[in-house]
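Enquirer: Here is the input, now give the coordinates:
(one chain, ligands or ions: 1)
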Amino acid sequence: MAQYPDTLQFNHLNRPLGVEWTARNLEVEGVIPPDIQGAFFRAVPDPAFPPLHYDDTTLSGDGMVSRFLFQNGAVDHDIRYVRTPRFEAERKARKALFGRYRNPFTDSPAVLGVDRAVANTTPVWHAGRLFMTKEDARAYEVDPHTLQTLGRWDYHGALRSETMTAHVRIDPHTGEMFFFGYEAGGLCTTDVSYCIADRDGNLTSEQWFQQPYCSMMHDFAITEKWAIFPVFPTTANLERLKQGGLHWLHEQHTDSWVGIMPRYGKVDEMRWFRGPKGVSAYHFVNAFQEGADGSLVHLDLCLSSTNAFPFIREPSGIATPQWEIQGGLTRWTFDLSQPGEGFDSRLIGPPGDLPRIRDIDQGRPYNQCWLPSVNPHGGPPVPGGPVGTSFNCLLRLETQTGRLDMMSLQPGMAINEPIHVPSSTPGHDGWLVCVVDRELDPQHHVSELLILDASNITAPPVARVKLPVALHPQVHGWWVSAEQLSQSKAGRG
Ligand SMILES: [Fe+2]
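Expert: From the prediction side, this is the model:
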């Protein structure tokens, strides 16, 4: 295509920007709390060239790494494309060469065998390294200081899995990173890798198991004792791909599943629980266990009655419009001391997605989470993001007390996923940092960074950072403290 499609995936907030830039000492309204020293990394999909297919999605966009660097109350911003082989090949050709979302059979023959990774989903920091991840490929390491792409990451040749999730879980006490990869053995396989890297970044465990069918396994969870793997019926089919079709279709009448195994155990200890038909969840808030032997496992997830992405739901023949999708923040409870495939389910909060918790609460009983949502009284949502409609409010939910607070944006504004920055003040719950956008007209928007008191989100922001240019919607972000940044291993083999 000579031009970007005139669809929601490429217009309004989603219109491609493709600008790499650097800005120093951005204008700050208010005062940046002294606790906030470090970098807020964001993964931003931004297609460098018009796609080959009209019905392409923003999730195919080339990954950009965006960094807000906070130093003593001053804020800098940098954004760079991740130099994946795919980006480099298309830049050399000055056009798109890769075809449909996750369908290599639709690529130009000129890029046969070239890594299709776009590295556009989550920046992950672990053991002194920054990775840009996308679940259909291995991660790319990026220098956190220069934002230079250092190459594809495979744990010095140790990793067998062809893929790595964008949703890793880091145990706050052991420093270990738990992660997985689906389609680990190749396109549309049911192979799933389950891996552990120790606090120094060594791959200490990689095991493979089979999931019940080839599902989009976007997120997973850990507790102190368990690893929890979801299977929702958004499925891939190799024959369909060979015929040039879509990677994903959603099967509304197929069972969902949850696999639970000891996190340090063997994959043949996996126990499978059968869930409702047709449901979907992209993100898990957290999981934790109860009881002396930890046999009661709670999993909190942003559950919906069908797949939330129109570009998957509509070709699947599911006529449910976006506003009729049911669901909300849901707690699934599994009693591992009992036999059977069943589990309990109860609603614990409203609909929303892109949930955040404090890093120290990972895998433990917790009380606070924050998640963007849609305030139905906040005016029509701004078109943007992979769903096509943006969030216009931020919720703070106390999962133990049920208390719910909402920070609603003005009409015409959209909110990206926040990150949480801990406070050094005892008893203070820290800060949330997020980008918000204001649409001026369908071709223009402005962006700014907000800093909120995490326990008091309804108060005015403690600081706003002004940006001279618009930012493209991010997928996920990650906070890296100044101390962590000073321990970077970038460039060291
Ligand atoms: Fe995600």
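
Enquirer: all helices in this structure, in order from the N-terminus.
Expert: In the chain, helices defined by DSSP state H lie at 85-93, 238-242, 310-313, 482-486, listed in chain order.

Enquirer: And for the third one, what's in contact with it?
Expert: In other words, helix 310-313. Helix 310-313 is contacted by residues 9, 55, 57, 101, 234, 246, 248-250, 306-307, 320, 322, 386-388 when judged by C-beta atoms under 8 Å, 6 or more residues apart in numbering. From N, CA and C alone the C-beta is placed, and that goes for glycine too.

Enquirer: go again using 7 Å as the cut-off
Expert: Among residues not part of helix 310-313, those counted as contacts by C-beta atoms under 7 Å, 6 or more residues apart in numbering are 57, 234, 248-250, 306-307, 320, 322, 387-388.

Enquirer: okay, and the helix or strand of the protein with the least pLDDT?
Expert: Least confident helix or strand, the chain: helix 310-313 with a mean of 92, by mean pLDDT, DSSP states H and E.

Enquirer: next one: that helix to chain centre, how far?
Expert: Its chain's C-alpha centre and that of helix 310-313 lie 18 Å apart, by C-alpha atoms, centre = their mean, to the nearest Å.

Enquirer: related to what we said a few turns ago, just put the helices of the chain in TSV and tack on mean neighbour count and distance to residue 377.
Expert: As requested, the helices of the chain are exported to TSV (neighbours: other C-beta atoms under 10 Å; distance: least, C-beta to C-beta, whole Å):
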stretch	mean neighbour count	distance to residue 377
helix 85-93	17	41
helix 238-242	14	42
helix 310-313	21	23
helix 482-486	13	40
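
Enquirer: out of those helices, nearest to residue 200?
Expert: Closest to residue 200 of the helices of the chain, according to C-beta to C-beta: helix 482-486, at 13.8 Å.

Enquirer: just checking, what packs against that closest one?
Expert: When contacts are defined as 3 or more C-beta pairs under 7 Å, 6 or more residues apart in numbering; DSSP states H and E, helix 482-486 packs onto strand 38-45.

Enquirer: what distance separates the strand it packs on from the centre of its chain?
Expert: Centroid separation between strand 38-45 and its chain, computed with C-alpha atoms, centre = their mean, is 12 Å.

Enquirer: go on, stretch 475-486?
Expert: Centroid displacement of stretch 475-486 relative to its chain, using C-alpha atoms, centre = their mean, is 15 Å.

Enquirer: Pull the residues that contact it.
Expert: Identification of contacts with stretch 475-486 by C-beta under 7 Å, 6+ apart yields 37-43, 45, 120-125, 144, 166, 417, 419-421.

Enquirer: same question for that stretch, mean pLDDT?
Expert: In this model, stretch 475-486 has an average pLDDT of 98.

Enquirer: and what of stretch 276-283?
Expert: On average, stretch 276-283 scores 98.

Enquirer: And it, end to end?
Expert: 17 Å (C-alpha to C-alpha, to the nearest Å).

Enquirer: Begin at 8, not 1, for the rest of this chat.
Expert: Will do, 8 is the new start, and the previous item becomes stretch 283-290.

Enquirer: can you list contacts of it?
Expert: Contacts for stretch 283-290 (C-beta under 7 Å, 6+ apart): 225-226, 237, 239-241, 257, 259-263, 308-315, 360-362.

Enquirer: Going by neighbour count, list what's buried in it.
Expert: Within stretch 283-290, the residues that qualify as buried by neighbour count (16 or more other C-beta atoms under 10 Å) are 285-290.

Enquirer: before we move on, what about stretch 208-220?
Expert: 210, 213-216, 218.

Enquirer: what's the closest of those residues to residue 30?
Expert: Distance to residue 30 across the buried residues of stretch 208-220 (C-beta to C-beta) is lowest for residue 210, with 37.2 Å.

Enquirer: thinking residue 242 is in contact with residue 220, fair?
Expert: Yes - taking C-beta atoms under 7 Å as the contact criterion, residue 242 and residue 220 are neighbours in contact, 5.6 Å apart.

Enquirer: Give me the distance from stretch 349-360 to the chain's centre.
Expert: On C-alpha atoms, centre = their mean, the centre of stretch 349-360 falls 20 Å from the chain's centre.

Enquirer: So for that stretch, first residue to last residue, what's the gap.
Expert: 25 Å.

Enquirer: Quick one: mean pLDDT for it?
Expert: Per-residue scores along stretch 349-360 average to 97.

Enquirer: Give me the contacts around that stretch.
Expert: Under C-beta under 7 Å, 6+ apart, the answer for stretch 349-360 is 280, 289-290, 307, 309, 334-341, 378-380, 402, 404, 406, 411.

Enquirer: And the strands in the stretch 158-307 of the chain?
Expert: 176-177, 184-189, 198-204, 210-217, 228-229, 233-238, 241-242, 256-257, 262-269, 278-284, 287-297, 303-311 (DSSP state E, counting those that start in this stretch).

Enquirer: Show me what the second one packs onto, helices and strands only.
Expert: Using 3+ C-beta pairs under 7 Å, 6+ apart as the contact criterion, the neighbours of strand 184-189 among helices and strands are strand 198-204.

Enquirer: Neighbouring strands of the strand it packs on in the sheet, and parallel or not?
Expert: Paired strands of strand 198-204, with direction, are strand 184-189 (antiparallel), strand 210-217 (antiparallel) (DSSP bridges).

Enquirer: Dump the ones you listed into JSON lines; add distance to residue 415 as well.
Expert: What follows is these, written out as JSON lines (distance: least, C-beta to C-beta, whole Å):
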{"stretch": "strand 184-189", "distance to residue 415": "35"}
{"stretch": "strand 210-217", "distance to residue 415": "43"}
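
Enquirer: Any idea which of those strands gets closest to residue 169?
Expert: Closest to residue 169 of the strands paired with strand 198-204, according to C-beta to C-beta: strand 184-189, at 7.0 Å.

Enquirer: burial of residue 449, as a residue count?
Expert: Other residues near residue 449 come to 12 when the count uses other C-beta atoms under 10 Å.

Enquirer: how close does the closest residue to residue 67 other than its chain neighbours get to residue 65?
Expert: Nearest residue to residue 67, sequence neighbours excluded (C-beta to C-beta, 6 or more residues apart in numbering): residue 108, at 4.8 Å. Here residue 108 is placed at a distance of 10 Å from residue 65 (C-beta to C-beta, to the nearest Å).

Enquirer: These two: who's more crowded?
Expert: Shown here are residue 108 and residue 65; by other C-beta under 10 Å, residue 65 has more neighbours (28 against 22).

Enquirer: Is that one in contact with residue 391, as I believe?
Expert: No - with contacts counted by C-beta under 7 Å, residue 65 stays clear of residue 391, the gap being 8.7 Å.

Enquirer: Find residues that contact each of those two.
Expert: Listed as contacting both residue 65 and residue 391 by C-beta under 7 Å, 6+ apart are residue 21.

Enquirer: contacts for stretch 293-302?
Expert: 228-233, 235, 303-307, 342-344, 364, 368-373.

Enquirer: Going through those, which ones are buried?
Expert: Burial by neighbour count, 16+ other C-beta under 10 Å: within the contacts of stretch 293-302 this picks out 228-230, 232-233, 235, 303-307, 343, 364, 368-371, 373.

Enquirer: What's the local residue count around the residue lying closest to residue 104 once chain neighbours are set aside?
Expert: Leaving aside its chain neighbours, residue 104 sits nearest to residue 115 (4.2 Å; criterion: C-beta to C-beta, 6+ apart). Residues near residue 115, counting by other C-beta under 10 Å, number 16.

Enquirer: For residue 115, give its distance to residue 177.
Expert: For residue 115, the distance to residue 177 - C-beta to C-beta - is 38 Å.
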